[in-house]
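Participant: Sequence and predicted model, in that order:
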Amino acid sequence: MTLLSIRNLHVHYGAIHAIKGISLDVNEGEIVTLIGSNGAGKTTLLRTISGLLRPSQGTIEYNDDGLKPLHRMKSHEIVRCGVVQSPEGRMIFNTLTVEENLLLGAYSQKDAAKIQESREMVFTLFPRLKERRRQVGGTLSGGEQQMLAIGRALMARPKLLLLDEPSLGIAPALVQQIFTTLRQINKRGVTILLVEQDAYLALETANRGYVLETGKIVNEGAAKELIANPAVQQAYLGMA
Amino acid sequence: MIDPYFQLILLRCGVAAIMAVSLNLINGFTGQFSLGHAGFMAIGAYVSAAVSVFLAPHAGEFVTQVWFLIALLSGGIAAGLMGLLVGLPTLRLRGDYLAIATLGFAVIIRVVILNLDVVGGARGMTDIPELSNGYWIFGTLAITVWIINNLVYSIKGYALTAISEDEIATASIGISTTKYKVMAFVVGAFFAGIGGGLYAHLESYLNTNSFTFLRSFEFVAMVVLGGMGSITGSIVAAFILTILPEALRGFDQYRMIIYSLMLIVLMLTRPTGIFGRRELWRWNRGKT
Ligand SMILES: Nc1ncnc2c1ncn2[C@@H]1O[C@H](COP(=O)(O)OP(=O)(O)OP(=O)(O)O)[C@@H](O)[C@H]1O
Ligand SMILES: [Mg+2]
């Protein structure tokens, strides 16, 4: 079943045309990745899905419990629908503790028992966060901050998790660990739309992928096919 | 008993502390930049004074005290409503718009009061009953601190701290940032209005010159000096910055220079303010 369906989307920053007519689908249960070089428009696309930016044209429809036009909804309504983003650059709250960051992540949730359950789940997925739960976010290491950013997004009980560069600035060993956790999260029934600079890692993790270049999709397909595609290899996988 | 002059200074410290703590809710905890606190203070001062002078009946002590409470609340509510009026359109916009809008608002309030003959216009308003005493001022300060403390250090209240750190991240977890910014702004304006009412009934005389841009700036200085996001800091800084100019009276014309130099040195040596984001009553938080 198609969970998210984007059609002919255009986004402008003033005169800058950042997204130029993108259409893409995310099916329930999938991990879909969006790869592309710096400035391709990946963050812009995720922010538009989350309602943090308004498209100038096109539609974003989310199909869960009825069809919802995300392109016309406010960001807090979108989170309530189950579409939650872990933003680029580990934007955790530095002066709040790990625990407070997580509880704030559950802001859209009303049921205390469910909040407690999510918290336990996050601590199971990221035991490191449990150890550090009374520490303020700003004093966590980069990797721990990334775990917290993902954990905070999970606290909102997403059905569709949008991840913007979870490997940014993190040591390779930890990146592997985080991606393993992402697969576990996916197995628990969370659909993932993953933006990632490390195209190889992203395509290894995902079912399908889209290649974005200066605001347009230039390639799409099953992750395995994209890895094998010479054009993709040359541009994003560092192979000649 | 304490010397009456010293007593007056202490009471002024208390009023300043209410002003600083309420501004900290807006500028510190929520990370907005309001330059209009003197404007809200003026509304509270004039509205409450008008209630006391024109409406309160001349009856026994108890009735007088009840009417004082009504006067203070009227001032607070008037300031809070004005906060809603100013905040609603501007808080949706980027931070710098709020600074400009609140600055303009405070100027407009002054001009309006200057032209209101009923409250004395340019001559000022006199014969306001001197009802503000230690109980009222420090009692109100305690309530202000209690309410704002419970507001900012609750799970929902952490939304304010979150906004001050990063609005995009806050919105991304499903929080309506505008709603919270407006709420903090209105609550801050309300307490500024109450502070204004206490001020009016402490000095018994009001003049618009007390509510210029410099007055707003003084409160901003208290918040910054004490620590953006520290209630403790705002109280301490309000005392320091109220007592200091008095203590320096002997130096006469150098007074303001010394005062400014001390501020500059402090900010250079401790840019996060005296307390940073700490509170006396939650000192060890975030340490493992
Ligand atoms: N706030 C903004 N104002 C104007 N232009 C912007 C703004 N944000 C992004 N852009 C532009 O839009 C384009 C797409 O940016 P975006 O951040 O979406 O890229 P990205 O694919 O996420 O890149 P990266 O991999 O570096 O994170 C870029 O050309 C960028 O300069
Ligand atoms: Mg990006």
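Facilitator: Right, received. Where do you want to start? Ligands and ions are numbered 1, 2, ... in the order given.

Participant: Please make it C-alpha for all contacts and neighbour counts, starting now.
Facilitator: Will do.

Participant: Give the lowest-confidence helix or strand of chain A, using mean pLDDT as the measure.
Facilitator: When the helices and strands of chain A are scored by mean pLDDT, DSSP states H and E, helix A:230-236 comes last with a mean of 84.

Participant: Tell me how far that one lies from the chain's centre.
Facilitator: Computed by CA atoms, centre = their mean, to the nearest Å, the separation of helix A:230-236 from the middle of its chain amounts to 23 Å.

Participant: And for stretch B:42-54?
Facilitator: Stretch B:42-54 sits 17 Å away from the centroid of its parent chain (CA atoms, centre = their mean).

Participant: quick one: contacts of it?
Facilitator: The contact list for stretch B:42-54 (CA atoms under 8 Å, 6 or more residues apart in numbering or on different chains) reads B:67-68, B:71-76, B:78-79, B:109-110, B:119, B:127-129, B:192-201, B:206, B:208, B:211.

Participant: List buried residues within those.
Facilitator: Buried residues within those, defined by neighbour count using 16 or more other CA atoms under 10 Å in any protein chain shown: B:67-68, B:71-76, B:78-79, B:109-110, B:119, B:128-129, B:192-201, B:206, B:208, B:211.

Participant: quick one: which of these sit in strands?
Facilitator: Nothing among these maps onto strands, per DSSP state E.

Participant: Now intersect those with the helices, please.
Facilitator: B:67-68, B:71-76, B:78-79, B:109-110, B:192-201 (DSSP state H).

Participant: hmm, the least confident helix or strand of chain A in reach of ligand 1?
Facilitator: No - remark: helix A:230-236 sits outside contact range of ligand 1, by CA under 6 Å from any ligand atom, the gap being at least 12.1 Å.

Participant: Now for chain A: which helix has the highest residue count?
Facilitator: Counting by DSSP H, the longest helix found in chain A is helix A:172-187.

Participant: Strands of chain A, residue ranges please.
Facilitator: Going by DSSP E, chain A shows strands at A:2-13, A:16-27, A:31-35, A:57-63, A:67-69, A:83-86, A:160-164, A:191-195, A:208-213, A:216-222.

Participant: Need the phi and psi values for residue A:165.
Facilitator: Note on residue A:165: its backbone torsions stand at phi 50, psi 70 [degrees, to the nearest 10].

Participant: Report the buried residues of stretch A:140-149.
Facilitator: Under 16+ other CA under 10 Å, the buried positions of stretch A:140-149 are A:140, A:142-149.

Participant: ok, residue A:1 - how many residues close by?
Facilitator: Per other CA atoms under 10 Å in any protein chain shown, the neighbour tally for residue A:1 reads 9.

Participant: can you pull the contacts of it?
Facilitator: Applying CA under 8 Å, 6+ apart, the residues contacting residue A:1 are A:27-28.

Participant: Identify the residue spatially nearest to the residue of chain A found nearest chain B, adjacent ones excluded.
Facilitator: Nearest to chain B, among the residues of chain A, is residue A:76, at 3.8 Å (CA to the nearest CA). Nearest residue to residue A:76, sequence neighbours excluded (CA to CA, 6 or more residues apart in numbering or on different chains): residue B:174, at 3.8 Å.

Participant: I'd guess the one you found is in a helix, am I close?
Facilitator: No - under the criterion used here (DSSP: H, G, I helix; E, B strand; the rest coil), residue B:174 is coil, not part of a helix.

Participant: Quote the end-to-end distance of stretch B:123-141.
Facilitator: By CA to CA, to the nearest Å, the extent of stretch B:123-141 from end to end equals 30 Å.

Participant: buried stuff in that stretch?
Facilitator: Buried, per 16+ other CA under 10 Å, within stretch B:123-141: B:124-126, B:128-129, B:131-132, B:136-138, B:140-141.

Participant: if we look at that stretch, which residues are touching it?
Facilitator: Defining contact as CA under 8 Å, 6+ apart, one finds that stretch B:123-141 is touched by B:11, B:14-15, B:17-18, B:49, B:52-53, B:65, B:68, B:119-120, B:198-208.

Participant: same question, stretch A:69-83
Facilitator: By CA under 8 Å, 6+ apart, stretch A:69-83 touches A:48-52, A:54-55, A:59-62, A:84, A:108, A:156-162, B:171-176.

Participant: Near ligand 1, list only the ones from these.
Facilitator: Among the contacts of stretch A:69-83, proximity to ligand 1 is found for none (CA under 6 Å from any ligand atom).

Participant: got JSON lines for the buried residues of stretch A:140-149, with distance to residue A:134 and pLDDT too?
Facilitator: Shown next, in JSON lines, are the buried residues of stretch A:140-149 (distance: CA to CA, whole Å; pLDDT from 0 to 100):
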{"residue": "A:140", "distance to residue A:134": "11", "pLDDT": "92"}
{"residue": "A:142", "distance to residue A:134": "17", "pLDDT": "87"}
{"residue": "A:143", "distance to residue A:134": "17", "pLDDT": "87"}
{"residue": "A:144", "distance to residue A:134": "13", "pLDDT": "91"}
{"residue": "A:145", "distance to residue A:134": "14", "pLDDT": "92"}
{"residue": "A:146", "distance to residue A:134": "17", "pLDDT": "91"}
{"residue": "A:147", "distance to residue A:134": "15", "pLDDT": "91"}
{"residue": "A:148", "distance to residue A:134": "13", "pLDDT": "94"}
{"residue": "A:149", "distance to residue A:134": "16", "pLDDT": "93"}
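
Participant: coming back round to it: what's the local residue count around the residue nearest to residue A:76?
Facilitator: Look at residue B:174: counted by other CA under 10 Å, it has 29 neighbours.

Participant: does it really touch residue A:109, like I thought?
Facilitator: No - in terms of CA atoms under 8 Å, residue B:174 does not count as a neighbour of residue A:109; the distance is 9.7 Å.

Participant: Mind listing what's buried along stretch B:174-191?
Facilitator: Going by 16+ other CA under 10 Å, stretch B:174-191 has these buried residues: B:174-178, B:180-191.

Participant: average model confidence for that stretch?
Facilitator: For stretch B:174-191, mean pLDDT rounds to 95.

Participant: again with stretch B:153-170
Facilitator: Rounded mean pLDDT across stretch B:153-170 is 92.

Participant: try stretch A:99-113
Facilitator: For stretch A:99-113, the mean pLDDT works out to 93.

Participant: Is it in proximity to chain B?
Facilitator: Yes - using CA under 8 Å from any CA of the partner chain, stretch A:99-113 reaches chain B at A:100, A:103-108.

Participant: for those residues, which one is nearest residue A:167?
Facilitator: residue A:105 (20.5 Å; CA to CA).

Participant: For the nearest residue to that closest one once chain neighbours are set aside, which residues are in contact?
Facilitator: Computed as CA to CA, 6+ apart, the closest residue to residue A:105 that is not its neighbour in sequence is residue A:152, at 4.7 Å. By CA under 8 Å, 6+ apart, residue A:152 lies in contact with A:86, A:101-106, B:173.

Participant: JSON lines for these, including neighbour count and distance to residue A:27?
Facilitator: Formatted as JSON lines, those follow (neighbours: other CA atoms under 10 Å in any protein chain shown; distance: CA to CA, whole Å):
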{"residue": "A:86", "neighbour count": "27", "distance to residue A:27": "19"}
{"residue": "A:101", "neighbour count": "27", "distance to residue A:27": "30"}
{"residue": "A:102", "neighbour count": "28", "distance to residue A:27": "28"}
{"residue": "A:103", "neighbour count": "21", "distance to residue A:27": "29"}
{"residue": "A:104", "neighbour count": "27", "distance to residue A:27": "29"}
{"residue": "A:105", "neighbour count": "28", "distance to residue A:27": "25"}
{"residue": "A:106", "neighbour count": "26", "distance to residue A:27": "25"}
{"residue": "B:173", "neighbour count": "30", "distance to residue A:27": "23"}
